[in-house]
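S.K.: sequence first, then the predicted structure, then my questions.
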Amino acid sequence: MNLYLVTGFVVFLIGAVGVLFRKDAISLFMCVEVMLNGINITLVAFSRMWGDMQGQLAVLFVIGVAAAEAAIGLALMLQIFKHKGSIQLNELTDLREMRD
Amino acid sequence: MTVQGLLVFAGNFLAQDGLLSTLAKIGVVLGAIIGLGVPGMVYFERKICAWMQGRVGPNRVGPFGVLQVLADGLKLIFKEEVVPARAVVPFFLLGPTFAFLPTMMAMAVIPFGAFTTFNGTPLSMQIADLNAGVIYLLAVASLNVYGILIGGWSANNKYTLMGGLRSSAQAISYEIPLALSVLSVIMLTGSPRLGDIVNAQQSTWFIFPACVGCLVFLIAIFAETNRLPFDLPEGETEIIGFHIEYSSMKFATYYLVEYAHMISASALFALFFLGGWEFLPWFGWEKLSAMTGLDFRGALWFIPSVWFVAKISALLFVFIWIRWTLPRFRYDQLMDFGWKKLLPLALFNLLVVAIYILFKEGVL
Amino acid sequence: MSEQLMTYFSWIVMAATVALSFIVVVAKWPIFGAISLIGSLLTAAILFVMLSAPFTAVTQILVYAGGILVLFIYILMLLGVKRSQWSRGQKFALFGLFFGSLIFTCVPLLAVLQPNVAASGFAAVADDFGSIEKFGKSLLAGYAYPFELMSVLLVAVIAGVVYLTRRDE
């Protein structure tokens, strides 16, 4: 039984490390989805462990909000690509402070 | 096939039978579809289209041309396999697999007859009796998109990429009216279990209260299986499709998957709207047993299954008939039809079915 | 016999989920990562089924693998994202961070959970625990308000996406 929790945790950890290290925006976004996948696994495992349906309901809401976030995020990325020509995070520096 | 067997086994958590009998059932269903259903479809398509066009069709290879399909298969096997330069080779080789798996996964929950006893042991005519069977079907229908998308992209060809994007946009656009019309069927039954849907049609087939939904579902499955008049992904004579870089057996696999998808879509239409294996709209097998004394659950257990297969064949004839009658939609006409005309019609169908249910329960 | 088989099968599926998630993070071409993410979601759906949550599993396949990732793959194909390279220092940092955090969190967790291993098994639940009927009743009984709010959220997202992707004419 612990193994399900360990799987969820390890997947979350992999996603978190990916978010820290990826350099292009879409791969970053995919690592966020990996994190959400790990969260879902953990929620369902706990729901089964305690016999409580609320864990699975939470997963439904997580999936729904992930869909909404993915749609808006990808539309934003399309616009950024149209205006700047690339989605590498190193090059998206318009809001950076001026270095004096 | 082992991957698919494991997937189906994992989905069957009720585990009515053991592992070996489930694998045997999978073998039977896959063998029947790929060995009999698809070659039969290919043969009858050519014969029926010839009949509609006033010609004879293949009649040289074997008696009445029945070995023509075998000859075509052998020709496709012996063709040269061409992999384009700078194609993404793993995905190019896996494209047909991505198309094959969801179509076969959908066959896992279709019941081919009533739950019967055979030599004393209960025999379920379904591979997996899921509680949320209909939603599983919608889920695997949405996985069909990947076969086209990956196949079109991996060939390193701008035209096939555009063809793949176009046809997957068609597939996901028509999933929504499909799901809404299936939702009206679930409303009428009260349960998304496929066996319950057929049992609820013992009094009346759902084609009568949900007639608009039936039409919406029929049009949506034409679009999902890429059949004329929604034939644009394949193009053939006017526009470049997603599969032009595929040759020989990979192309044959896409072809096979299209026919298998047609068979499973016809089975779903028969299950949802034509009463599954029930005999006649207001006259089920139970009434027939009571009248004639024949036992359709015991000795004659195969008669409802044969009747179900007859309904599927009639629907496949409709598929072929419409293909050789109607012209093709243009892409913007197609998207316009799906979003602006079919989706409101599906919502209207929900309203009609809701009023019918209230009427039947005496509330209205 | 069947219990043992299911345990081994669950180990294989868990390992597949972790491996596919790892490929998502380290893949050089983002489309390989997207396909691995689809695989990871499908294996997670198998885990859900083994944890008595069949409706959650089919919802995950329907919405997540069949909708959201199709959107991802569209964008990846339209934008033509190039390969990304990992420098040597980044690779060391990646593995160090990963295994370090694994050791520093899993070991204390397991040490804390170990005395309660007998108590951390599955609770006894009814046969229809994660079924769609029970799910629907729980959802609409206590969580009807968040459910409706989510529909408002989705409409807002549709409006936002239509506005963001309009042509400037």
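M.R.: Yep, that arrived.
S.K.: for chain A, what's the longest helix?
M.R.: The longest helix of chain A (DSSP state H) is helix A:54-84.
S.K.: how about the contacts made by the closest residue to C:Ile75 other than its chain neighbours?
M.R.: Distances taken as C-beta to C-beta, 6 or more residues apart in numbering or on different chains place A:Leu74 nearest to C:Ile75, at 4.8 Å, with adjacent residues excluded. (Glycine included, C-beta is placed from N, CA and C.) Residues counted as contacts of A:Leu74 (C-beta atoms under 8 Å, 6 or more residues apart in numbering or on different chains) are A:Ile26, A:Phe29, C:Leu71, C:Phe72, C:Ile75.
S.K.: could I get the pLDDT score of the fourth one?
M.R.: Here, the pLDDT recorded for C:Phe72 equals 92.
S.K.: now swap in the first one and tell me
M.R.: We note a pLDDT of 89 for A:Ile26 in this prediction.
S.K.: residues touching it, list them.
M.R.: A:Leu74, A:Met77, A:Ile87, C:Pro30, C:Phe72, C:Ile75, C:Leu76, C:Leu79, C:Val81.
S.K.: of the residues you listed, which is the nearest to chain B?
M.R.: C:Leu76 (8.9 Å; C-beta to the nearest C-beta).
S.K.: now the helix or strand hosting the closest one, how far from the centre of its chain.
M.R.: C:Leu76 is located in helix C:69-79, with elements delineated by DSSP states H and E. How far helix C:69-79 lies from its chain's middle: 18 Å, per C-alpha atoms, centre = their mean, to the nearest Å.
S.K.: now the closest residue to B:Leu256 other than its chain neighbours: which helix or strand?
M.R.: In this structure, B:Leu256 finds its nearest non-sequential neighbour in B:Val38, 5.4 Å apart by C-beta to C-beta, 6+ apart. B:Val38 belongs to helix B:38-52 when assigned by DSSP H and E.
S.K.: do you know how far the residue nearest to C:Phe129 when sequence neighbours are not counted is from C:Ala159?
M.R.: Using C-beta to C-beta, 6+ apart and skipping the chain neighbours, the partner closest in space to C:Phe129 is C:Ser52 (4.6 Å). Distance, C:Ser52 to C:Ala159, using C-beta to C-beta, to the nearest Å: 38 Å.
S.K.: ok, those two, which is more surrounded?
M.R.: Using other C-beta atoms under 10 Å in any protein chain shown as the criterion, C:Ser52 and C:Ala159 rank with C:Ser52 on top: 21 against 10.
S.K.: just for chain C, where's the confidence low?
M.R.: C:1, C:82, C:84-88, C:110, C:112-121, C:169 (pLDDT under 70).
S.K.: tell me the centre residue of it?
M.R.: In chain C, the centroid-proximal residue (C-alpha atoms, centre = their mean) is C:Leu41; its distance is 5.2 Å.
S.K.: who's in contact with it?
M.R.: A:Asn37, C:Gln60, C:Ile61, C:Tyr64, C:Ala65, C:Leu69.
S.K.: just give me how far the longest helix along chain B sits from the chain centre.
M.R.: With secondary structure taken from DSSP H, chain B has its longest helix at helix B:158-189. Relative to the mean C-alpha coordinate of its chain, helix B:158-189 is positioned 13 Å out (C-alpha atoms, centre = their mean).
S.K.: list the helices and strands the next helix or strand after the helix holding C:Leu76 packs on?
M.R.: Next in sequence after helix C:69-79, counting helices and strands by DSSP H and E, comes helix C:88-113. For helix C:88-113, the packing partners by 3 or more C-beta pairs under 8 Å, 6 or more residues apart in numbering or on different chains; DSSP states H and E come out as helix A:2-21.
S.K.: count the residues that sit near residue 89.
M.R.: Because you didn't say which chain, this covers chain A. Neighbour count for A:Leu89, taken as other C-beta under 10 Å: 13.
S.K.: please refer instead to chain C.
M.R.: Neighbours of C:Gly89 (other C-beta under 10 Å): 8.
S.K.: just A:Gly38 next, same as before
M.R.: Neighbourhood size, A:Gly38 [other C-beta under 10 Å]: 25.
S.K.: swap in B:Leu30?
M.R.: Using other C-beta under 10 Å, B:Leu30 has 18 other residues around it.
S.K.: got the buried residues for the helix or strand that contains it?
M.R.: Using DSSP H and E, the element containing B:Leu30 is helix B:19-31. Residues of helix B:19-31 classed as buried by neighbour count (16 or more other C-beta atoms under 10 Å in any protein chain shown): B:Thr22, B:Leu23, B:Lys25, B:Ile26, B:Val29, B:Leu30.
S.K.: got these as JSON lines, with pLDDT and distance to A:Gly55 columns?
M.R.: Converted to JSON lines, the buried residues of helix B:19-31 look like this (pLDDT from 0 to 100; distance: C-beta to C-beta, whole Å):
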{"residue": "B:Thr22", "pLDDT": "80", "distance to A:Gly55": "29"}
{"residue": "B:Leu23", "pLDDT": "82", "distance to A:Gly55": "33"}
{"residue": "B:Lys25", "pLDDT": "82", "distance to A:Gly55": "33"}
{"residue": "B:Ile26", "pLDDT": "87", "distance to A:Gly55": "32"}
{"residue": "B:Val29", "pLDDT": "88", "distance to A:Gly55": "35"}
{"residue": "B:Leu30", "pLDDT": "90", "distance to A:Gly55": "36"}
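S.K.: can I get these in CSV with distance to chain A?
M.R.: Shown next, in CSV, are the buried residues of helix B:19-31 (distance: C-beta to the nearest C-beta, whole Å):
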residue, distance to chain A
B:Thr22, 24
B:Leu23, 26
B:Lys25, 28
B:Ile26, 27
B:Val29, 30
B:Leu30, 31
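S.K.: thought C:Lys134 was touching C:Asp128?
M.R.: Yes. C:Lys134 is within contact range of C:Asp128, at 5.5 Å (criterion: C-beta atoms under 8 Å).
S.K.: which of those two has more neighbours?
M.R.: For C:Lys134 versus C:Asp128, neighbours defined as other C-beta under 10 Å are more numerous around C:Lys134 (17 against 13).
S.K.: before we move on, what SS does the more buried one have?
M.R.: Look at C:Lys134: counting by DSSP: H, G, I helix; E, B strand; the rest coil, its state is helix.
S.K.: and the closest residue to B:Glu245 other than its chain neighbours, how many neighbours does it have?
M.R.: In space, and not counting its chain neighbours, B:Glu245 is closest to B:Ala155: 3.7 Å by C-beta to C-beta, 6+ apart. For B:Ala155, the tally of surrounding residues (other C-beta under 10 Å) stands at 26.
S.K.: ditto for the one 4 residues further on
M.R.: Burial of B:Tyr159, expressed as a neighbour count using other C-beta under 10 Å, amounts to 16.
S.K.: please apply the same query to C:Glu148.
M.R.: By the measure other C-beta under 10 Å, the count of residues near C:Glu148 is 10.
S.K.: re earlier: tell me which two of the contacts of C:Leu41 sit farthest apart.
M.R.: A:Asn37 and C:Ile61 (12.5 Å; C-beta to C-beta).
S.K.: who has more neighbours, the two?
M.R.: Neighbours were counted for A:Asn37 and for C:Ile61 using other C-beta under 10 Å; A:Asn37 has more, 29 against 26.
S.K.: got the buried residues for the helix or strand harbouring that one?
M.R.: A:Asn37 belongs to helix A:25-50 when elements are defined using DSSP H and E. Within helix A:25-50, the residues that qualify as buried are A:25-49, counting by 16+ other C-beta under 10 Å.
S.K.: contacting residues around the residue of the stretch 251-364 of chain B found nearest chain C?
M.R.: Per C-beta to the nearest C-beta, B:Trp339 is where the stretch 251-364 of chain B lies closest to chain C, at 12.3 Å. For B:Trp339, the contacting residues are B:Ser173, by C-beta under 8 Å, 6+ apart.
S.K.: show me how far the helix holding B:Val38 is from its chain's centre.
M.R.: That offset, for helix B:38-52, works out to 18 Å (C-alpha atoms, centre = their mean).
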